[in-house]
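**Student:** what follows is a predicted protein model with its sequence.
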Amino acid sequence: MRLSALALGTSLALGTTVGIAQAAPLDNEPLAVRSAGPAAAPAIAAAPAAWAAGTRAYLVITTPGDTTAVRTAIANNGGSVFASYDAIGVIVAHSASASFATTMRGVSGVQKVGATRTSDVPADAYNPALPANPSQAAAPTTEPVRSDMTQIKADQAWAVNKGSATVKVGILDTGVDDQHQDLAPNFNAADSVSCAYGKTDTRVGAWRDVDQHGTHVAGTVAAAKNGKGAIGVAPGVKISSVRIAEPGTTLFFAENTICGLVWAGDHGFKVTNNSYYTDPWQFNCPDNLDQAAILEGVGRAQAYAESKGSLQVAAAGNSNVDLANKTTDSSSPNDSTPVTRTITNACLDIPAELPGVVTVSANGTSGTSKASFSNYGRDVIEVSAPGESVYSTVPGGKYASLSGTSMASPHVAGVAALLASANPAYTPADIRAKLGEQATDLACPSDARCTGTTTKNSFFGEGRVDALKAVGGSTPPPGAYFENLTDYAIADNSTVESPITVSGVTGNAPAGLKVGVDIKHTYIGDLKVDLVAPDGTVYTLHNRTGSGTDNIAQTYTVDASAEVANGVWKLRVNDNANQDTGRIDAWNLTF
C-alpha cells in the first residue's frame, strides 16, 4: 500500500513509474525489487552516547492519564522513555536489555508490553537528519482531467465545490514535497511534522519525503487546480504531511503510526490517508504478546483521533488476498527474516482493519473491475476507488503514474474531504456512512472469490466512491450535460469567451437552462458575465455587482426556450477596470 513503483518497506507498496512496464510488485516484496529508486535517503548521523547496539523499541501500555509511575519503572528496569502519549496510556520505551519486556509485564499498572520491531532502533532516531529539499523541475503548462477523476465524478464535483480551505487532510506517509508547484498552494506547514521513530520532530522540513510515495498520495488528494500537471480530488482543501516512514528502510513502525494518529487528533485533521500497514508485521495477532501490544497501542491512537473528529481512510493492501479468510502470512517480520506462519481472522492488517477506519480496495483501469493486486474481503472492504496507473505528483516538481491500493485510498480521502467541506458538522461516523451510501454500486465480475450483492460485496464493498454526490450534486441525464474545463485568462479591460459545443439535444433549450460558472478573479465588481446563445442572443448572468468580493462560483438559471439547443454556446466575460485579473476556471450547461 505504500508506494507503487516502489515496494516500500513491504508495507503495501505497489506501482509502476511512467515509462516502465512491469508486473506490479506485491506489498510484501523486499526493498530490492524496486525498479525505480527514490531519492537518496539522508545520511545517518553519528550515534550519540545514549545509543547502543541492540537497542530495541517497545510499547508499554498502561491506564490513560498520569503515567509517572510506569515511566519510573521503565527507567528502573533497564529502559528509557523515548516518547509518552499519556492521553492514551502508551509509552514508547527503548532498551538494550533482552529481559526488558518480560520484566515490565510484571510491573503493577502495566497492561501490555511489546517490541515494535525485530531489528535495532537506528542511531538516527536520537539525532534525525532532515530529508532532502529537492530542486524543482519546470512546471507543466497543461492540466488534463484524468480518467480516475472522471470515474468518481470529481471533475463534475469541482464545478460545485472544490473543497474548503478550512478542511485539513493529514497525509500519514513517507513525507510530502511541500515545494512542488501543484502542492505548495494547498500545503499547511504549521500542522506538518515528522513522527519517524515515534516522537514528533517539528523542525522545518522534517515532514519532507524520504521516498516519493507520500508526495504522490498528497497530489491525488489535493493537487491544486492551477493549470499545472494534475488536479486532486479536493483541490480546495489543505494538506499536512505527517511523515511516519523512517529514512532508508521506509518502514512504518507502530510507534510512528501512534505518533501520527495522535498528532492528527490534536491538530484538527478532518481526514487522514493511511496508505501503508504497520511494520514489521503484515498481520498482528492477539495471541502474540508483542503484536497484542501493537494492536492495543495503534488501536487506542486511532480511537483517540476519531474521538477528536478525525476519520482515517486506509488502503486494503496489494497481496490479492481475502482479508475475511486469512490462513498464512509469509512476509513478516519485514525488518529482519520473514517466516511463514499460520494466522486467523483475529490477526489484523492495521490500521486498515481497525474499527472506524474506512478500508479501500482498488479498481482497475476500467473503473468497474478489481485491480489484480488488490486485497478484498466480505464485510472488510468499505468502498473502492481507482488504483491502477494513477497520475500524480512526485518530488522535485515531477509527476508519475503509480498503481496500488495506496493510490485508491487517497481518492477516497479526497471524497471524504469534500463531504466534510459541504457538511462542516459531519462527524467521522457521518462521513464514513455517506461514503458508502453515495457510492456507485458495482456488481461482482465472473469470479468465484467475489461474494455478496451488487450493493455490497467482497471486491468493492458498497461500491466506487462518488465525489459529485459528496458535494450535493447530481449526475445530469445522459447527453444533457456539457462543460468546458479549459482555463481562459481574464486580463484587465479585456473580453474573453469560453465555448461549449452542444450536440444531440432535440429541439430548443429549456426554460430552466442551468449555467454553472466558476470564475477565479479578485474584485468581481469589475466583471460583466454573459451567456451567448448560438444565434448570438446575449443573456446577462452577472453585471458588475459584488464589489470587492473574490470569485464567482454559482449556477444561474436562464430561460433559453427561444434558442435552438444545438450549436456553440459561449461564456463571455468583460473586465472593466485595472489592477484585478483572473480566469474562467470552468463552466457548464445542463439542459
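**Tutor:** Everything's here; your move.
**Student:** for the most centrally placed residue in the chain, give me its contacts.
**Tutor:** Nearest residue to the geometric centre of the chain (C-alpha atoms, centre = their mean): residue 410, 3.0 Å. By C-beta atoms under 8 Å, 6 or more residues apart in numbering, residue 410 lies in contact with 171, 217-218, 220-221, 233, 273, 275, 313. Placement of C-beta: from N, CA and C, glycine included.
**Student:** what is the rounded mean pLDDT of the stretch of helix or strand it belongs to?
**Tutor:** Element membership for residue 410, per DSSP states H and E: helix 405-422. Mean pLDDT, helix 405-422: 98.
**Student:** do a quick rundown of the helices in the stretch 301-450 of the chain.
**Tutor:** Counting by DSSP state H, counting those that start in this stretch, the stretch 301-450 of the chain has helices at residues 405-422, 428-437.
**Student:** now swap in the stretch 1-150 of the chain and tell me
**Tutor:** So, for the stretch 1-150 of the chain - with DSSP H, counting those that start in this stretch - the helices run 68-76, 100-105, 147-151.
**Student:** about what we covered before: out of the contacts of residue 410, who's nearest residue 414?
**Tutor:** residue 233 (2.6 Å; C-beta to C-beta).
**Student:** number of residues surrounding the residue nearest to that closest one when sequence neighbours are not counted?
**Tutor:** Closest residue to residue 233 in three dimensions, ignoring its sequence neighbours and counting by C-beta to C-beta, 6 or more residues apart in numbering: residue 414, at 2.6 Å. Look at residue 414: counted by other C-beta atoms under 10 Å, it has 33 neighbours.
**Student:** so residue 414 sits against residue 218, correct?
**Tutor:** No - using C-beta atoms under 8 Å, residue 414 makes no contact with residue 218, being 10.4 Å away.
**Student:** the lowest-mean-pLDDT helix or strand in the chain: how far from the chain's middle?
**Tutor:** One helix or strand of the chain scores below all others by mean pLDDT, DSSP states H and E: strand 552-558, with a mean of 88. Once both centres are worked out by C-alpha atoms, centre = their mean, to the nearest Å, strand 552-558 turns out to sit 31 Å from its chain's centre.
**Student:** same question, stretch 126-146
**Tutor:** On C-alpha atoms, centre = their mean, the centre of stretch 126-146 falls 17 Å from the chain's centre.
**Student:** overlap in contacts of residue 414 and residue 218?
**Tutor:** Common neighbours of residue 414 and residue 218, counting by C-beta under 8 Å, 6+ apart, are residue 232.
**Student:** burial count for the closest residue to residue 577 other than its chain neighbours?
**Tutor:** Using C-beta to C-beta, 6+ apart and skipping the chain neighbours, the partner closest in space to residue 577 is residue 526 (4.3 Å). The number of residues packed near residue 526 is 24, by other C-beta under 10 Å.
**Student:** which ones are touching residue 526?
**Tutor:** Taking C-beta under 8 Å, 6+ apart, one finds 544, 575-577, 580 in contact with residue 526.
**Student:** still on that earlier bit, turn the helices of the stretch 1-150 of the chain into a markdown table, including mean pLDDT.
**Tutor:** Below are those laid out as a markdown table (pLDDT from 0 to 100):
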| stretch | mean pLDDT |
| --- | --- |
| helix 68-76 | 97 |
| helix 100-105 | 98 |
| helix 147-151 | 95 |
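**Student:** for residue 251, see how far away the residue nearest to the centre of the chain is.
**Tutor:** 20 Å (C-beta to C-beta, to the nearest Å).
**Student:** check contacts around residue 177.
**Tutor:** Here residue 177 is in contact with 134, 183, 208-209, 215, 393-397 (C-beta under 8 Å, 6+ apart).
**Student:** again, but for residue 188
**Tutor:** Residue 188 neighbours (C-beta under 8 Å, 6+ apart): 168, 238-240.
**Student:** most neighbours, which of the residues you listed?
**Tutor:** residue 239 leads the contacts of residue 188 on contacts (other C-beta under 10 Å) with 32 neighbours.
**Student:** dig out what it forms beta bridges with.
**Tutor:** Beta-bridge pairing of residue 239 under DSSP bridges involves residue 169, residue 187.
**Student:** one more: residue 284?
**Tutor:** According to DSSP bridges, beta-bridge pairing links residue 284 with residue 348.
**Student:** just to check, it is in contact with residue 278?
**Tutor:** Yes - using C-beta under 8 Å, residue 284 makes contact with residue 278 at a distance of 7.2 Å.
**Student:** mind listing the shared neighbours of the two?
**Tutor:** By C-beta under 8 Å, 6+ apart, the residues touching both residue 284 and residue 278 are 294, 350.
**Student:** dump the contacts of residue 410 into TSV; add distance to residue 466 and pLDDT as well.
**Tutor:** Below are these laid out as TSV (distance: C-beta to C-beta, whole Å; pLDDT from 0 to 100):
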residue	distance to residue 466	pLDDT
171	23	98
217	20	98
218	22	98
220	16	98
221	16	98
233	11	98
273	18	98
275	21	98
313	15	98
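**Student:** in the stretch 101-250 of the chain, which spans are strands?
**Tutor:** Secondary structure of the stretch 101-250 of the chain (DSSP state E, counting those that start in this stretch): strands at 110-115, 168-173, 193-194, 238-243.
**Student:** got the contact list for the second one?
**Tutor:** Here strand 168-173 makes contact (C-beta under 8 Å, 6+ apart) with 2, 188, 191, 213-214, 217-218, 221-222, 234, 237-245, 257, 260-261, 263-264, 267-276, 310, 410, 413-414, 417.
**Student:** please identify the most buried of the helices of the stretch 301-450 of the chain.
**Tutor:** helix 405-422 (a mean of 32; mean count of other C-beta atoms under 10 Å).
**Student:** check contacts around the nearest residue to residue 408 once chain neighbours are set aside.
**Tutor:** Once flanking residues are discounted, residue 408 sits nearest to residue 387: 3.5 Å by C-beta to C-beta, 6+ apart. Each residue near residue 387 by C-beta under 8 Å, 6+ apart is listed here: 361-364, 371, 374, 403-408, 411.
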